[in-house]
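Q: When you get a sec, could you give me coordinates for this:
(2 chains)
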Amino acid sequence: MVKLATLTLAGCACLWGQDARQIVAESQKRGSVQSQRYEGVLRVEDRNRTISEKQWHYVRQGSYGSSKAILRFTAPAEVKGVALLILNHPDRASDQWMWTPAIGRERRIAFQDRSTRFFGTDFSFEDLEERDVEQFEYKMIGEETLAGVKCWQIESRPKQGKSSQYTFSRVWIRQPDYVPARVESYSKDQMVRRLNYADIEKVQGVWLARTLEMNDLRRGSRTILKLEKLQLNTPMNDTEFTVAALRREQ
Amino acid sequence: MKPLLAVLLAVTAGAQDFSQRGYLESGTYYYPQEAPGDSGRVTSNLLLRYEAAYKASSNLRFNASIDARADTHREVEREAHLSWWDREAQRPALEIRRLGLIYTRGEFTLELGKQLIRWGKADLLNPTDRFAPRDYINLVQTEYLPVTAAHLTWAHAADSVEFVYTPRFTPSRTPLLNQRWAPVPPGIQVVDGGARFPGGPQFGLRWNHAGSRIEYSLSAFDGFNHLPVLDLTVRSLAPPSVQVARQYARIRSYGGEAAMPMKWVTVKGEAAYFTSPDRFADEYAQYVVQLEKQSGEWFFTGGYAGETVTKRRSVLTYAPDRGMTEAFLGRAGYTIDSNRNVALDAAVRRNGDGSWLKLEYSQAFGQHWRGTGGFAWIRGTPQDFLGQYHLNSHLFLLLRYSF
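A: Below is the predicted model of the structure:
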């Protein structure tokens, strides 16, 4: 995640012209790590407050916007082994494949299907990908204090030819440490998702959020993701991030 | 194979890189109509599947899986021998489903042992999926069978090449002659003449390219059709009695598959041409074209599967893959919430002689339990592959405990 953290950050203009883009770029740079792994504990609450819990194991390698990641469910038992491979590209949307061990097949996630929810969570497939800062245009909206910390509020829109389910997003970036604090994503003029970052702390010299709360405002549901056993810059091999690897680590 | 599995599991039990999963599932089926030769209306079965994996190093991994089965309708053998080759007419009570190792070095991955190998991109029918025999004892609730193979994959950037070698043939499991999924004409006694399994290995080669706008594959297969041609011998005319033996044709197939995401839908296509040196086997081309769309909580797939026979030689085959061609096929699903979903599968033959529809509702209870209930509705004329099962419409209830 941190990538999840930086998540829509990419998906994140200019009272001060160039400044908004520079802030986003600086935020991405500060959160940048060579690799990371964590155990994600997810709590999904639907509109009726029915709760389901899931866990996934996440590994990621490479620089922001051109990284590779694999996310593999470890619980509940019935989805154990289901996995998603994400190959991010600096100039376009990511490639994604989902592996379902029960049928022994991987399925490529088509771009037009990326707005759908990822496996019963409130994250969409698009929310799981990284987008390079160059894929968006930015405008500074102003400043606001969130949870006692002063933040820049920046609007981001996909550049022409860069497709997204979101028309634009508003991103709050904390001024002291450049960590994103909130992302609100809009479809046309309607806010459809809100992502809040919490438990922000320094891990191995990098400031990042350990808890993410994604709210799907149309469904009235939310998913809370906690990052446990987080490790940064551990050695990884490129061959761990291929469709063949997706199949064998089942 | 039993000691080998036991040793593997014992060695791995305490290891840090050991992982396991499995489930216990019961299935109950109610058929409102009697079928010729099978008066049973209610059948039940029980499956315990256990899977374990051990990562010995970053390059080496062991996988094992075992099935234990029981049932009420003698679809499962009553002898508790451990099956490796999956050649039994009935489902084995105990079966090694997977046992082998995966070794990775750079861009190469080698998997040796019993494993599932799936080729093809389409969802409705896979003419190129030649290493995937199936259990057709119940035509509506089928399952893929693993094969014993050496499977070498080379993957570089957007391209991959797979080579598969199987030393010994694994057939699909066909309906049992004394049960309703084998539509025997009334008044004729049918005796099982067994199977004549071919000897010799099978080979397959597949190249896949995953481009940003289109993903496609080309493949070739040299081996045997896992679905049988039926050899009929008349034993007596009065009373009418025939013996049915299963034989498996040597085939070569050349296939291609493609998936292309468009603005609104994903278009998938898959085709293969089958040739055979055997005088009892047809030569034919099979293809499927489908459109796929995911929208919110909905999932839709629909398309057409067709076949063109270039040399007709066989009189009688048991070929559900061919039986499902010349048909419009579709699948739809809706996720109600994180625990509940509904799904619909349907097939309608182009000439209208057969149709099949399956509707199911599934719900998870807590972290371990899931119940699935629904019905399958089959209609048609007795001469049609689907229609011949018009007495087999049924209700079903599946209960699974996953661990």
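Q: Now do stretch B:292-300: distance from first to last residue.
A: Distance between the two ends of stretch B:292-300: 6 Å, counting by C-alpha to C-alpha, to the nearest Å.
Q: What of stretch A:26-38?
A: Terminal-residue distance, stretch A:26-38 (C-alpha to C-alpha): 24 Å.
Q: which residues touch residue B:209?
A: Going by C-beta atoms under 8 Å, 6 or more residues apart in numbering or on different chains, residue B:209 touches B:158, B:159, B:215, B:216, B:217. For the C-beta atoms, the positions are set from N, CA and C on the backbone; glycine is no exception.
Q: three-state assignment of the closest residue to the second one other than its chain neighbours?
A: Going back to what we said before, that points to residue B:159. Closest residue to residue B:159 apart from its sequence neighbours, by C-beta to C-beta, 6 or more residues apart in numbering or on different chains: residue B:209 at 5.3 Å. Put simply, residue B:209 is strand when judged by DSSP: H, G, I helix; E, B strand; the rest coil.
Q: Equivalent analysis for residue B:363, please.
A: strand.
Q: If we only consider the contacts of residue B:209, which is nearest to residue A:166?
A: Taking C-beta to C-beta as the measure, residue A:166 lies nearest residue B:215 of these, at 25.8 Å.
Q: any idea how far that closest one lies from residue B:260?
A: Separation of residue B:215 from residue B:260 (C-beta to C-beta, to the nearest Å): 8 Å.
Q: Compare these two and say which is more crowded by neighbours.
A: Between residue B:215 and residue B:260, counting by other C-beta atoms under 10 Å in any protein chain shown, residue B:215 is the more crowded of the two (20 against 15).
Q: and the longest helix for chain A?
A: Secondary structure of chain A per DSSP state H: the longest helix is helix A:19-30.
Q: who touches stretch B:20-28?
A: Here stretch B:20-28 makes contact (C-beta under 8 Å, 6+ apart) with A:77-78, A:80-81, B:42-53, B:141, B:396-403.
Q: Just the buried residues of those residues.
A: The neighbour count (16 or more other C-beta atoms under 10 Å in any protein chain shown) marks A:77-78, A:80-81, B:43, B:45, B:47, B:49-53, B:141, B:396, B:398-402 as buried among those.
Q: Looking at those residues, which are in strands?
A: Under the assignment DSSP state E, the buried ones among the contacts of stretch B:20-28 contribute B:43, B:45, B:47, B:49-53, B:396, B:398-402 to strands.
Q: near chain A, from those residues?
A: Contacts with chain A within those, counted by C-beta under 8 Å from any C-beta of the partner chain: B:53, B:400, B:402.
Q: who's the last one bridged to?
A: The reference is to residue B:402. According to DSSP bridges, the residues that bridge with residue B:402 are residue B:23.
Q: What residues does it make contact with?
A: For residue B:402, the contact set (C-beta under 8 Å, 6+ apart) comprises A:76, A:77, A:78, A:80, B:21, B:22, B:23, B:368, B:369, B:370.
Q: List the buried residues of stretch B:53-70.
A: Those would be B:53, B:54, B:55, B:61, B:62, B:63, B:64, B:65, B:66, B:67, B:68, B:69, for stretch B:53-70 by 16+ other C-beta under 10 Å.
Q: repeat for stretch A:176-195
A: Within stretch A:176-195, the residues scored as buried using 16+ other C-beta under 10 Å are A:177-186, A:192-195.
Q: Could you list which of the residues you listed belong to strands?
A: Using DSSP E, A:180, A:181, A:182, A:183, A:184, A:185, A:186, A:192, A:193, A:194, A:195 are the members of the buried residues of stretch A:176-195 that sit in strands.
Q: Widest-spaced pair of these?
A: A:181 and A:192 (19.0 Å).
Q: Could you give the bridge partners of residue 60?
A: Looking at chain A here, since you left the chain open. For residue A:60, the beta-bridge partners are residue A:36, residue A:69 (DSSP bridges).
Q: please go with chain B instead
A: What pairs with residue B:60, by the bridge criterion (DSSP bridges), is residue B:103.
Q: which residues does it contact?
A: The contact partners of residue B:60, taken as C-beta under 8 Å, 6+ apart, are B:101, B:102, B:103, B:104.
Q: The stretch 251-400 of chain B against chain A: which residues are in contact?
A: So far as C-beta under 8 Å from any C-beta goes, the stretch 251-400 of chain B lies against chain A at B:259, B:261-266, B:292-297, B:335, B:337-339, B:364, B:367-368, B:370, B:400.
Q: Sketch out the low-pLDDT regions of chain A for me.
A: The model of chain A has pLDDT under 70 over residues A:1-18, A:250.
Q: how about the helices of it, start to end?
A: For chain A, the helices defined by DSSP H cover A:2-6, A:19-30, A:243-248.
Q: Output the last one in PDB with nothing but the alpha carbons.
A: Extracted C-alpha coordinates of helix A:243-248, given in PDB (Å, rounded to 0.1, in the frame of the first residue of the first chain):
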ATOM      1  CA  VAL A 243       1.800 -14.100 -14.300                       C
ATOM      2  CA  ALA A 244       3.800 -17.300 -13.900                       C
ATOM      3  CA  ALA A 245       4.500 -16.200 -10.300                       C
ATOM      4  CA  LEU A 246       0.900 -15.500  -9.700                       C
ATOM      5  CA  ARG A 247       0.100 -19.100 -10.600                       C
ATOM      6  CA  ARG A 248       2.800 -20.800  -8.700                       C
END
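Q: and it with chain B, contact?
A: Yes - under the criterion of C-beta under 8 Å from any C-beta, chain B is reached by helix A:243-248 at A:243, A:244, A:245, A:248.
Q: I'd like to know how many residues surround the second one.
A: By the other C-beta under 10 Å criterion, the neighbourhood of residue A:244 contains 21 residues.
Q: Assess the claim that it and residue B:109 are in contact.
A: Yes - counting by C-beta atoms under 8 Å, residue B:109 is a contact partner of residue A:244 at 4.8 Å.
Q: any residues in contact with both of those two?
A: The contact sets of residue A:244 and residue B:109 overlap at B:153, B:155 (C-beta under 8 Å, 6+ apart).
Q: Quick check: the residue lying farthest from the centre of chain A vs chain B, distance?
A: Using C-alpha atoms, centre = their mean, the residue of chain A lying farthest from its centre is residue A:103. It sits 27.5 Å away. Going from residue A:103 to chain B by C-beta to the nearest C-beta, to the nearest Å gives 7 Å.
Q: Now do the contacts for that residue.
A: B:118, B:144.
Q: For chain A, what lies in contact range of chain B?
A: Contacts of chain A with chain B, taken as C-beta under 8 Å from any C-beta, map to A:44, A:46, A:48, A:50, A:52-53, A:75-78, A:80-81, A:89, A:92, A:95, A:103-105, A:108, A:110-113, A:116-117, A:120-121, A:237, A:239, A:242-245, A:248-250.
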